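*Asks:* Next come a sequence and a model predicted from it.
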Amino acid sequence: MHDKYEPQQVEAAAQAHWRERDAYRAIEHATDADRRPKPKFYVCSMLPYPSGKLHMGHVRNYTLNDVLYRILRMRGFNVMTPMGWDAFGLPAENAAIDKGVAPAEWTRANIADMKAQMQPLGLAFDWSREVATCDAGYYKWNQWLFLKMLERGIAYRATQVVNWDPVDQTVLANEQVIDGRGWRSGAVVERREIPGYYLRITQYADELLESLGKLDGWPPQVRAMQENWIGRSVGVNFGFPYELDGQQQLLRVFTTRADTICGVTFVALAAEHPLAARLARDNPRLAAFIDECRKGAATEADLATMDKKGMATGFFVEHPLTGERVEVWVGNYVLMGYGEGAVMGVPAHDERDFEFAKKYGLAIKQVIAVAGETFSTEAWQEWYADKQRGACVHSGRYDGLDYEAATDAIAADLKAKGLGDKQVQYRLRDWGISRQRYWGTPIPIIHCDSCGAVPVPEKDLPVLLPENLVPDGSGSPLAKYEPFLKCRCPRCGKAGAARERHDGHLRRLELVLHALLLAGCGGPDGR
Ligand code: ANZ
Ligand code: ZN
């Protein structure tokens, strides 16, 4: 026994012993002394991002993991703890721009450094199962998973509104927009519509919400946050009829206050709404206004606090119940990504609409009376504090009904006319996974003039990411790299097709996949 703990000696000796015995290699079918299979346990902490340096946060994290591993092992479990690198993403691209090196080179050097720092800690990792998400053998399965989801309709392609930096020619994440400008270029950010890929997480909204109720022992704030994030709203979706270009059409809106439908004095469209674009064709002033709306914030929080701005279109739709003419406006406070991208304007009972109507001198029509209170159009009053004391007024056959009864009656009448029905809306958005960048999993899609967007056949996976490109900040280098882009269409065989140039920000998928692969649920060919 030494009377002083000399870590270099003691630990090096212990670690050499473990290495010799390959002590932490996980054996798939380990048995106990009586040859009975040991129960399996998979312990995995989040894989580190290879930034270049291990920090104390990593050490703390993986030490906790290590303690768990050792306790479980002593209790007779067959435990597996893999390690790997969450190696794709933006920091590597930014470092590459700064230093003029390829992200692959930078990333792999960092991995080597961090591994050299991590190994002397003597953590019980099975290094034989080490993975890096930027390795083709790994992201192949990421692409495979994406194709499976595409097949099932869980992944899909659609046009999305993104923050666009016109100087760097790239899409920015919300946190890269600072005071409406790109973090690198300082250019005023625009909102642009760009086709991208999505995961249909909204399909699981109700299931998520339900399961949240079953989570015992979680702090109530966390549950509330999750609930708000899912944001379930019950309301009515209906259309205002109009005629345009010789066609009878409906301008759809989603409202949680159908009881106020007789108080509608305008309809407001998001700047990106197709009808706004159509009306702007014959109206240069409107077109200019829409362009201006596209500049600046795209987040919901920003839109909520922004000065309300709008423009009348001179176009009218018909009120679905009263038949009155209602003017259509474009308003910067209407989000394209929520509901129908259009709202029925009820300035008497909605604060945003009130502000808007005050600014542009639009009519304010009271249709809800609250017992014991006097309505005024002078200043906004929180009118809808208490459902119980409110009832419809100036609303014809709905007068006297409370919120519940009025909503039911109005929804039924709209339904009878074929104009609408009750609807559940979620704030939760489908998850956009394409990033229009370079250092990520190539999305396995090929664009053909004749066939459109064609999935890469499974046998042709992985679609390899060229590793030698150096981004310079002006968009993805893939977009200019012909050896990658040019290919044959896998469906019709025609040359001159082009690979998807956007990478997929499939990080969360990567982690799911990681768990699946390491736990031994392989792909179709058993890998
Ligand atoms: C008329 C109305 C009258 C509304 C009233 C509210 C109060 P939640 O509860 O969050 O789901 N809305 C609908 N789509 C919108 C969009 N794309 N951008 C901005 N606002 C939108 O909110 C639903 C309410 O948000 C809807 O109900 C609509 O305004 C507005 F006294 O319709 B309401
Ligand atoms: Zn084709």
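*Replies:* Cool, the structure landed. Numbers count the residues shown, from 1 in each chain. Ligands and ions are numbered 1, 2, ... in the order given.

*Asks:* What average pLDDT does the helix or strand hosting residue 422 get?
*Replies:* Applying DSSP states H and E as the criterion places residue 422 in strand 420-426. For strand 420-426, mean pLDDT is 94.

*Asks:* So which residues of the stretch 201-350 of the chain form strands?
*Replies:* Along the stretch 201-350 of the chain, counting by DSSP state E, counting those that start in this stretch, strands occupy 232-244, 247-255, 266-269, 310-318, 325-331, 342-345.

*Asks:* Kindly export the fifth one (C-alpha atoms) in CSV.
*Replies:* Right, strand 325-331. Coordinates of each C-alpha in strand 325-331 appear next as CSV, following Å, rounded to 0.1, in the frame of the first residue of the first chain:
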residue,chain,number,x,y,z
ARG,A,325,-69.0,42.3,-47.8
VAL,A,326,-65.8,42.1,-45.8
GLU,A,327,-62.6,43.7,-47.0
VAL,A,328,-59.3,41.7,-47.2
TRP,A,329,-56.2,43.2,-45.7
VAL,A,330,-52.6,42.0,-45.5
GLY,A,331,-51.3,42.2,-42.0
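
*Asks:* Contacts for that strand, please.
*Replies:* Strand 325-331 is contacted from outside by 240, 251, 264-271, 273, 275-276, 279, 286, 289-290, 293, 308-319, 343, 345, 356, 360, using C-beta atoms under 8 Å, 6 or more residues apart in numbering. (Glycine included, C-beta is placed from N, CA and C.)

*Asks:* Also within reach of ligand 1: list those from the residues you listed.
*Replies:* residue 343 (C-beta under 6 Å from any ligand atom).

*Asks:* related to what we said a few turns ago, between the strands of the stretch 201-350 of the chain, which gets nearest to ligand 2?
*Replies:* Closest to ligand 2 of these, according to C-beta to the ion: strand 247-255, at 33.0 Å.

*Asks:* Can you tell me which residues in the chain are near ligand 2?
*Replies:* 448, 450-451, 489, 491-492 (C-beta under 5 Å from the ion).

*Asks:* Tell me where the stretch 351-500 of the chain has helices.
*Replies:* Here the stretch 351-500 of the chain has its helices, by DSSP state H, counting those that start in this stretch, at 351-360, 403-416, 482-485.

*Asks:* Centre of the chain to stretch 435-448, how far?
*Replies:* 17 Å (C-alpha atoms, centre = their mean, to the nearest Å).

*Asks:* I'd like the helices of the stretch 351-500 of the chain written out as TSV, with mean neighbour count, mean pLDDT and distance to residue 439 added.
*Replies:* Shown next, in TSV, are the helices of the stretch 351-500 of the chain (neighbours: other C-beta atoms under 10 Å; pLDDT from 0 to 100; distance: least, C-beta to C-beta, whole Å):
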stretch	mean neighbour count	mean pLDDT	distance to residue 439
helix 351-360	19	95	40
helix 403-416	17	96	49
helix 482-485	12	94	13
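
*Asks:* Okay, the nearest residue to residue 413 once chain neighbours are set aside and residue 136: tell me how far apart.
*Replies:* Counting by C-beta to C-beta, 6 or more residues apart in numbering, residue 321 is the residue found nearest to residue 413 once chain neighbours are left out, at 6.3 Å. According to C-beta to C-beta, to the nearest Å, residue 321 stands 60 Å off from residue 136.

*Asks:* Comparing those two, which residue is more hemmed in?
*Replies:* More neighbours surround residue 321 than the other of residue 321 and residue 136, with 19 against 15 (other C-beta atoms under 10 Å).

*Asks:* Now do the more buried one against ligand 1, distance only.
*Replies:* Distance from residue 321 to ligand 1, counting by C-beta to the nearest ligand atom, to the nearest Å: 14 Å.

*Asks:* Same check on residue 212?
*Replies:* 18 Å.

*Asks:* Selection in ChimeraX covering whichever of the contacts of strand 325-331 are buried, please.
*Replies:* Here is the ChimeraX command that selects only those of those that count as buried (16 or more other C-beta atoms under 10 Å):
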select :240,251,264,265,266,267,268,269,270,271,273,275,276,279,286,289,290,293,308,309,310,311,313,315,317,318,319,343,345,356,360
